[in-house]
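Visitor: Sequence isn't available, so here's the structure alone:
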């Protein structure tokens, strides 16, 4: 009977008849996260603490319960804590990180999880989950497909909050020729008046632009431009999505026009923190906050409002609800068809973009109202000048 149930759970398009089971890898972004969890560690030298943490095995951080799809399926999962900071993950040999992530996967398997989601910078290192997936008996996903879908949806929602006239708006995708960037560009195109694609390789930019121009939706195609000039493109844009793989900051406070919206999907971030500190007239978001259906209890405070999480977490949950225990989004290539599929599955199960975040902090409607007021004031001052 158990074998029949598990076989039924793998049928694509049908909700899992038994609770879906998943695990998701979390890690501290910075060394200060250790101190917030274990107060006594704030006295430890940061580099020494990071070095010691390299030898600490992954642990079960919490049990996730209460996920219930509007389609009737249920799921449970576990947060697996990997005690490696962003700096350690990025500076270590990929093989070392692969080994630690495989340890996370084996722990997840022992708990009963059948798919493992890679969070934050755990999905950035090396080949973006390919090697980890090859070495594990359970499925793996980075969550990047739903990240792309929700980034475009979140950016469009943010533009609406800022009262940007989308059919006449000038949109920009920074890092447009990358896997996520190309998908975001194709999804964003039907909604705006002008779309600028920015990357380093002009030939690839022109190829993507031609593809977008040829894809007609309701007979409407925006004006599509290409450029390699970041500062000029950002200065002209009402709405920007950044997905560049550049390790340095690309957007500075003086680059943006008043009232602009920027959705920074890139990790490391493409937008300087100084934008948040110095510009009170622009809205910068990390992407949409995803509301999870049901009375979900995460068992862990990871900085999000109740019943909400990141899109990459949500993708792992959606696949568990569907019984889709397969390597879903691994590697650097993401197809538009897969992004559209996971977006449809998210809606089928009741996941939705519910809010915005910036630098790990929720952005309230009151703050958005203040940004709009400041933007109007600054635009008026510029016009009078």
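Guide: Happy to help now that I have it. This is a predicted model, so every value here is computed, not measured.
Visitor: What's opposite residue 170 in the beta bridge?
Guide: In this structure, residue 170 has the following beta-bridge partners (DSSP bridges): residue 194.
Visitor: show me where the stretch 51-200 of the chain has strands.
Guide: Per DSSP state E, counting those that start in this stretch, the stretch 51-200 of the chain carries strands over the ranges 59-68, 74-81, 115-118, 139-141, 170-174, 194-198.
Visitor: Give me the buried positions along the first one.
Guide: Buried residues in strand 59-68, defined by neighbour count with 16 or more other C-beta atoms under 10 Å: 61-62, 64-68. C-beta: built from backbone N, CA, C; applies to glycine.
Visitor: with those in mind, which one is nearest to residue 194?
Guide: The shortest approach to residue 194 among the buried residues of strand 59-68 belongs to residue 67, at 40.4 Å (C-beta to C-beta).
Visitor: Find the nearest non-adjacent residue to that closest one, please.
Guide: Here the nearest residue to residue 67 in space, its sequence neighbours aside, is residue 75; by C-beta to C-beta, 6 or more residues apart in numbering that works out to 4.4 Å.
Visitor: from what I can see that neighbour touches residue 322, true?
Guide: No: with contact taken as C-beta atoms under 8 Å, residue 75 and residue 322 are classed as non-touching, separated by 9.4 Å.
Visitor: Looking at those two, which one has more neighbours?
Guide: Between residue 75 and residue 322, counted using other C-beta atoms under 10 Å, the more crowded position is residue 75 (30 against 27).
Visitor: hmm, back to that, in CSV, list the buried residues of strand 59-68 along with distance to residue 184.
Guide: Output for the buried residues of strand 59-68, formatted as CSV (distance: C-beta to C-beta, whole Å):
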residue, distance to residue 184
61, 31
62, 32
64, 28
65, 33
66, 32
67, 27
68, 30
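Visitor: Show me what the helix or strand harbouring residue 203 is packed up against.
Guide: Secondary structure from DSSP states H and E places residue 203 in helix 202-214. Identification of packing neighbours for helix 202-214 by 3 or more C-beta pairs under 8 Å, 6 or more residues apart in numbering; DSSP states H and E yields helix 179-188, strand 194-198, strand 223-227.
Visitor: These: which one's closest to residue 138?
Guide: helix 179-188 (23.7 Å).
Visitor: Give me the contact list for the closest one.
Guide: Residues external to helix 179-188 that are found in contact with it (C-beta atoms under 8 Å, 6 or more residues apart in numbering): 144, 147-149, 151-152, 155-156, 171, 173-176, 195, 197, 199, 208, 211-212, 215, 241, 243-244, 265, 332-336, 339.
Visitor: I'd like the mean pLDDT over it, please.
Guide: Rounded to a whole number, the mean pLDDT of helix 179-188 is 91.
Visitor: residue nearest the centroid of this structure?
Guide: With distances taken as C-alpha atoms, centre = their mean, the residue of the chain nearest its centroid is residue 147 (4.0 Å).
Visitor: re the thing from before, need the contact list for the residue nearest to residue 67.
Guide: Residue 75 is in contact with 16, 19-22, 67, 69, 317, 320-321, counting by C-beta under 8 Å, 6+ apart.
Visitor: Can you give me the distance of it to residue 293?
Guide: From residue 75 across to residue 293, the span is 10 Å (C-beta to C-beta, to the nearest Å).
Visitor: got it, and residue 303?
Guide: As for residue 303, its distance to residue 293 is 21 Å (criterion: C-beta to C-beta).
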